[in-house]
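A.B. asks: coords please:
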Amino acid sequence: MAPKNTICLWYNNDALEAAEFYAKNFPDSEVIAVHKAPGDFPGGKKGDILTVDFKVFGTPCIGLNGGDTFKHSEAFSFQIATDDQEETDRYWNAIVENGGEESVCGWCKDKWGISWQITPRTLTDAMSGGGDEAARAFAAMMTMQKIDVAAIDAARKG
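C.D. replies: Presented below is the predicted three-dimensional model:
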């Protein structure tokens, strides 16, 4: 049965490449189906790949090969919770080393323009606790690109 809610991501005719990258690099991610256009469409011809059904960390997505009309922005991002520095590094590096770019506060962008927040649980735990611990963790995070788990843990302790 198809899920009630699926994220639809617009790609410039490279949805399958993106879906295959996600499936290769992230657990519980897979390419499910590839659908070809039954007729010509803006930005493509009959028989071109129109949509790709895939999952990213278990979240159902559809990649739509819509051409270059619309661009991604930070208004949408995948937020991935990590358990330690090794996991944080693995996901961050996979994105950045595949043509992506670093940003700040745990954000990076993949080569297709999709934003990702690679967020260690220690940071979200500190923030949800509030008070001085949250303020210290937040101040430490504001100085970072990729999150440094040890530095966040040290900030939490004061």
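A.B. asks: What segments of this protein are strands?
C.D. replies: 7-11, 30-36, 49-56, 59-65, 77-82, 101-102, 107-109, 115-120 (DSSP state E).
A.B. asks: Let's see the longest one as CSV, backbone CA atoms only.
C.D. replies: Output in CSV follows, covering the C-alpha atoms of strand 49-56 (Å, rounded to 0.1, in the frame of the first residue of the first chain):
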residue,chain,number,x,y,z
ILE,A,49,12.7,8.8,-16.7
LEU,A,50,9.9,11.0,-15.2
THR,A,51,9.9,9.8,-11.6
VAL,A,52,11.8,7.6,-9.2
ASP,A,53,10.3,6.1,-6.1
PHE,A,54,12.9,5.8,-3.3
LYS,A,55,13.4,5.9,0.4
VAL,A,56,15.9,7.9,2.4
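A.B. asks: Go ahead and measure how far that strand is from the middle of the chain.
C.D. replies: 15 Å (CA atoms, centre = their mean, to the nearest Å).
A.B. asks: Make TSV out of the strands of the chain and add mean neighbour count and mean pLDDT.
C.D. replies: C-beta coordinates here come from the backbone N, C-alpha and C atoms, glycine included. Formatted as TSV, the strands of the chain follow (neighbours: other CB atoms under 10 Å; pLDDT from 0 to 100):
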stretch	mean neighbour count	mean pLDDT
strand 7-11	18	97
strand 30-36	14	98
strand 49-56	21	98
strand 59-65	19	97
strand 77-82	17	98
strand 101-102	12	98
strand 107-109	21	98
strand 115-120	21	98
